[in-house]
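S.K.: Got a predicted model here, sequence first, then my questions.
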Amino acid sequence: ERLGGKPLSGDDRFKLHLLLPWVWALVHNERIVQLACRSLNTVDVWCWSSDVNVKERRSDAYFPWHQDSTYAGISPVHTAVTVWLALTPSNE
């Protein structure tokens, strides 16, 4: 995806749901929202952020498991959930 004619990189990768209509639609997808609500045992959720991590095909880049709450300062940690979606096939 490009924003203003340039590839997404750096800080341009964050809060994309406010900039790109297709990301807005994805964040509001009923199935995704229902899964988030179910995992938090609530009927209402809000999107704090949206971002992309680009890993080119056959890249050595690695995105290890981690706790986003550590970086975001979310406390208590059981009040938030992150949803990671592969936007392209990830079988290679």
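M.R.: Thanks, I have the structure now.
S.K.: chain center to the longest helix belonging to the chain, what's the gap?
M.R.: Determined from DSSP state H, the single longest helix within the chain is helix 30-40. Centroid separation for helix 30-40 versus its chain: 14 Å, with Cα atoms, centre = their mean, to the nearest Å.
S.K.: quick one: buried residues of stretch 25-33?
M.R.: 26-27 (16 or more other Cβ atoms under 10 Å). C-beta here means a position set from N, CA and C on the backbone, and glycine is covered the same way.
S.K.: show me where this protein has strands.
M.R.: Remark: strands assigned in the chain by DSSP state E are 2-3, 6-7.
S.K.: If you average pLDDT over each of those strands, which is lowest?
M.R.: Looking at the strands of the chain, the lowest mean pLDDT belongs to strand 2-3 (a mean of 55).
S.K.: Under the pLDDT cut-off, which ranges of this structure? List them.
M.R.: Low-confidence segments of the chain (pLDDT under 70): 1-12, 66-69, 90-92.
S.K.: how does it look with 90?
M.R.: Where the chain drops to pLDDT under 90, the residues are 1-20, 22-23, 46-92.
S.K.: show me where it has helices.
M.R.: In the chain, the helices defined using DSSP H lie at 21-27, 30-40, 68-72.
S.K.: got the ones you listed as a markdown table, with distance to residue 83 columns?
M.R.: Shown next, in a markdown table, are the helices of the chain (distance: least, Cβ to Cβ, whole Å):
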| stretch | distance to residue 83 |
| --- | --- |
| helix 21-27 | 9 |
| helix 30-40 | 6 |
| helix 68-72 | 11 |
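S.K.: which one of those helices lies closest to residue 89?
M.R.: Of all the helices of the chain, helix 21-27 sits nearest to residue 89, with 17.0 Å by Cβ to Cβ.
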